[in-house]
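S.K.: what shape does this take:
(4 chains)
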Protein chains: 2
Amino acid sequence: MSNMSTLPKLIYIADDEKNIRHLIKSFLEKEGYQVIAFENGDKLFEAFEAKPCDLVILDIMMPGNSGLVVCAKLRAISIVPIIMLTARDTEEDYISGISLGSDDYFTKPFSPVQLTMRVKAMLRRVDMSEPEKNGVSPLIYADISICQDKLTAHCHEKELGLTNTEFTLFVYLLENRDRAVSREELLNKIWGYDNAVETRATDATVKRLRQKLTQAGSEVLIETVWGYGFRIGANQP
Amino acid sequence: MSNMSTLPKLIYIADDEKNIRHLIKSFLEKEGYQVIAFENGDKLFEAFEAKPCDLVILDIMMPGNSGLVVCAKLRAISIVPIIMLTARDTEEDYISGISLGSDDYFTKPFSPVQLTMRVKAMLRRVDMSEPEKNGVSPLIYADISICQDKLTAHCHEKELGLTNTEFTLFVYLLENRDRAVSREELLNKIWGYDNAVETRATDATVKRLRQKLTQAGSEVLIETVWGYGFRIGANQP
DNA sequence: CATTTAAGTTAAAAGATTTTCACACAGAGG
DNA sequence: CCTCTGTGTGAAAATCTTTTAACTTAAATG
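M.R.: Numbers count the residues shown, from 1 in each chain, chains lettered A, B, ... in the order given. Below is the predicted model of the structure:
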């Protein structure tokens, strides 16, 4: 990363599950952010009043004030980007109806890579609006260019029309272009930490991805590393 | 190794079979890592809470909490790389359905050399992401260069297209370029510790390897040590 | 030399893994 | 509700790898 020269961004997390808290914290710290975790939303709010941060991640289901309440309170005093976490099924419907200012939300179990991508994109965006930086440098590989803000992938001006999973997987492979990635790893990073999907789910997604790449006439290919996983590569046209 | 100047990496292993524990331990220690072995996962987890390590190797079938549970617990508090070991057949199906965060897994009996390679690759990767080291120095011998991250071998820009076994065998010979390696040794290190394959398996693999080397026009050759095994060498062109 | 033992070659069999395809299922949006 | 889309699964088909077994060739030995 080249623009990490400025101050590291500060991120607050609130989740009553110690495990999740740590998981998110370590993932984001690896990206170079400064992360402080709280065991409930009220403590986070207190801290925020004392010292505002650049982004907030809030679990909804927590002792004390619900994440929703904290979100509203935060939103009342700040436009800090907020990401909400919800347990699948339990609150999902409830949430989708309400939108009191969170900028995004994830259902558990979420994909660490996707969460990280989203955080990066959000921070990039606020970073951009303050100075007058114009564009984000897209992720480029051979004839493929990816806009992580728009979540689009282009090949020669043509949109690939990737779905969510495909996009995340593709970006992950691209970011690890210098090595082979195992199926296991993909499962954990893309699908999430306690998923219960078969390993072949990766194959299915890769297959669809390959198809779209081929259709678009890209020279990029997802090579198979037999008995292991995949690796990004390109034809020499 | 040139970048071993930093602190030695710390690796935790949990396996109830004393033999396996020691086998892995000695292999990894020979690579310069600091290794601590535990007889079950719970002890490992305790130790990890007290002092985190850089990589974890977990057997699944163990007294006390299953390796799976420990893996999930670890994953919840850390993104430390985890490698799981499973007995073939016994739990494989069971496993394939579950994937709670291990970064990789091996089925017993596994190849010590491959396990070591994988460990090295993983640690190299995390090592790389912290500072801004760019490339990994490839393993080079004569006109052959090997990228252990991509699992590829090149000769004059040309990919050799080695299979898994071929690759592992080749790397092993290359790393022991200064001596002859017996068939027995290869069988143990590459094929695994309690395999039941015929000795001829090595010959078949070496034959294919030689063929691919010749086809690629490499000057590297695998010499035969009569009545013993093989040794790497090269033509003086 | 003849003999014995080891190594190299093959091709076929056996084994694994990946790819493909069709279908089921769930959520999103009319 | 119904339809559409995105996704995961199962099973067959296609591939790719590895092992085995039979046979040939080469090296040592007396």
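
S.K.: show me how chain A divides into domains.
M.R.: Following automatic domain parsing, one finds the domains of chain A at A:10-129, A:139-234.

S.K.: quick one: the longest one to chain centroid distance?
M.R.: Using C-alpha atoms, centre = their mean, to the nearest Å, we find the averaged C-alpha position of domain A:10-129 to lie 12 Å away from the chain's own average C-alpha position.

S.K.: right, is that domain up against chain B?
M.R.: Yes - contact of domain A:10-129 with chain B (C-beta under 8 Å from any C-beta of the partner chain) involves A:Glu17, A:Lys18, A:Asn19, A:Ile20, A:His22, A:Leu23, A:Ser26, A:Phe27, A:Lys30, A:Pro112. To be clear about C-beta, it is placed using only N, CA and C from the backbone, and glycine gets the same treatment.

S.K.: could I get the domains of chain A as TSV with mean neighbour count and distance to B:Leu162?
M.R.: Converted to TSV, these look like this (neighbours: other C-beta atoms under 10 Å in any protein chain shown; distance: least, C-beta to C-beta, whole Å):
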stretch	mean neighbour count	distance to B:Leu162
domain A:10-129	18	30
domain A:139-234	18	10
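
S.K.: most widely separated two among the residues of domain A:10-129 next to chain B?
M.R.: Greatest spacing in the residues of domain A:10-129 next to chain B, by C-beta to C-beta: A:Glu17 and A:Lys30 (19.9 Å).

S.K.: average pLDDT for stretch A:210-229, rounded please.
M.R.: Mean pLDDT, computed over stretch A:210-229, is 94.

S.K.: by mean pLDDT, show me the worst of the domains of chain A.
M.R.: Taking the mean pLDDT of those, domain A:10-129 comes last: a mean of 84.

S.K.: picking up where we left off before, would you convert the domains of chain A into TSV that also reports distance to B:Asp59?
M.R.: Listed next are these as TSV, based on distance: least, C-beta to C-beta, whole Å:
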stretch	distance to B:Asp59
domain A:10-129	22
domain A:139-234	16
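
S.K.: which one of the ones you listed lies nearest to DNA strand C?
M.R.: With C-beta to the nearest atom of the strand as the measure, domain A:139-234 is the member of those nearest DNA strand C (3.6 Å).

S.K.: hmm, that closest one in reach of DNA strand D?
M.R.: Yes - applying C-beta under 7 Å from any atom of the strand, one finds domain A:139-234 touching DNA strand D at A:161, A:163-166, A:191, A:196-198, A:200-201, A:204-205, A:208, A:226.

S.K.: residue of chain A closest to DNA strand D, please.
M.R.: For chain A, C-beta to the nearest atom of the strand, closest residue to DNA strand D: A:Thr163, 2.8 Å.

S.K.: how about the contacts made by A:Pro138?
M.R.: A:Ser145, A:Ile146, A:Cys147, A:Gln148 (C-beta atoms under 8 Å, 6 or more residues apart in numbering or on different chains).

S.K.: for A:Ser182, same thing?
M.R.: If you count contacts by C-beta under 8 Å, 6+ apart, then A:Ser182 has A:Tyr228, A:Gly229, B:Asp103, B:Asp104 around it.

S.K.: repeat that with 6 Å
M.R.: Each residue near A:Ser182 by C-beta atoms under 6 Å, 6 or more residues apart in numbering or on different chains is listed here: A:Tyr228, A:Gly229, B:Asp104.

S.K.: grab the longest helix from chain A for me.
M.R.: Looking across chain A with DSSP state H, the single longest helix is helix A:112-129.

S.K.: so what touches stretch A:196-210?
M.R.: A:Thr165, A:Glu166, A:Leu169, A:Phe170, A:Arg183, A:Leu186, A:Trp191, A:Ile222, B:Ser96.

S.K.: restrict those to those near DNA strand C?
M.R.: Within these, those near DNA strand C by C-beta under 7 Å from any atom of the strand are A:Arg183.

S.K.: check the contacts of stretch A:196-210 and tell me the two furthest apart.
M.R.: Pairwise distances across the contacts of stretch A:196-210 (C-beta to C-beta) peak at 24.1 Å, for the pair A:Phe170 and B:Ser96.

S.K.: quick one: the strands in chain A?
M.R.: Applying DSSP state E to chain A gives strands spanning A:10-14, A:34-38, A:55-59, A:82-87, A:104-108, A:139-141, A:144-147, A:152-155, A:158-159, A:181-182, A:220-225, A:229-234.

S.K.: the ones you listed: which one's closest to B:Ser78?
M.R.: strand A:34-38 (13.3 Å).

S.K.: from the contact counts, what lies against the closest one?
M.R.: Here strand A:34-38 touches strand A:10-14, helix A:18-30, going by 3 or more C-beta pairs under 6 Å, 6 or more residues apart in numbering or on different chains; DSSP states H and E.

S.K.: adjacent strands (with direction) for the shortest one?
M.R.: I take that to be strand A:10-14. Pairing partners of strand A:10-14, with direction, according to DSSP bridges: strand A:34-38 (parallel), strand A:55-59 (parallel).

S.K.: mind listing residues that contact the last one?
M.R.: Residues from elsewhere that reach strand A:55-59 (C-beta under 6 Å, 6+ apart): A:11-15, A:41, A:67, A:71, A:80-85.

S.K.: convert the C-alpha atoms of it to CSV, please.
M.R.: Provided in CSV are the C-alpha atoms of strand A:55-59 (Å, rounded to 0.1, in the frame of the first residue of the first chain):
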residue,chain,number,x,y,z
LEU,A,55,-15.1,4.2,11.3
VAL,A,56,-17.3,2.2,13.6
ILE,A,57,-18.3,-1.4,13.6
LEU,A,58,-21.3,-2.3,15.8
ASP,A,59,-22.9,-5.5,16.7
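
S.K.: ok so, going back, switch the contacts of A:Pro138 over to a markdown table; also include distance to B:Leu7.
M.R.: Output for these, formatted as a markdown table (distance: C-beta to C-beta, whole Å):
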| residue | distance to B:Leu7 |
| --- | --- |
| A:Ser145 | 40 |
| A:Ile146 | 37 |
| A:Cys147 | 40 |
| A:Gln148 | 34 |
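
S.K.: nearest to chain B within chain A, name that residue for me.
M.R.: Of all residues in chain A, A:Asn19 sits closest to chain B, at 2.9 Å by C-beta to the nearest C-beta.

S.K.: that residue contacts B:Arg75, correct?
M.R.: No - assessed by C-beta atoms under 6 Å, A:Asn19 is found out of contact with B:Arg75, at 8.1 Å.

S.K.: isn't A:Asp143 right next to A:Cys155, touching?
M.R.: Yes - A:Asp143 lies in contact with A:Cys155 (C-beta under 6 Å); the separation is 5.4 Å.

S.K.: export the strands paired with strand A:10-14 to TSV and tack on distance to A:Met122?
M.R.: Shown next, in TSV, are the strands paired with strand A:10-14 (distance: least, C-beta to C-beta, whole Å):
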stretch	distance to A:Met122
strand A:34-38	15
strand A:55-59	6
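
S.K.: that'll do, ta.
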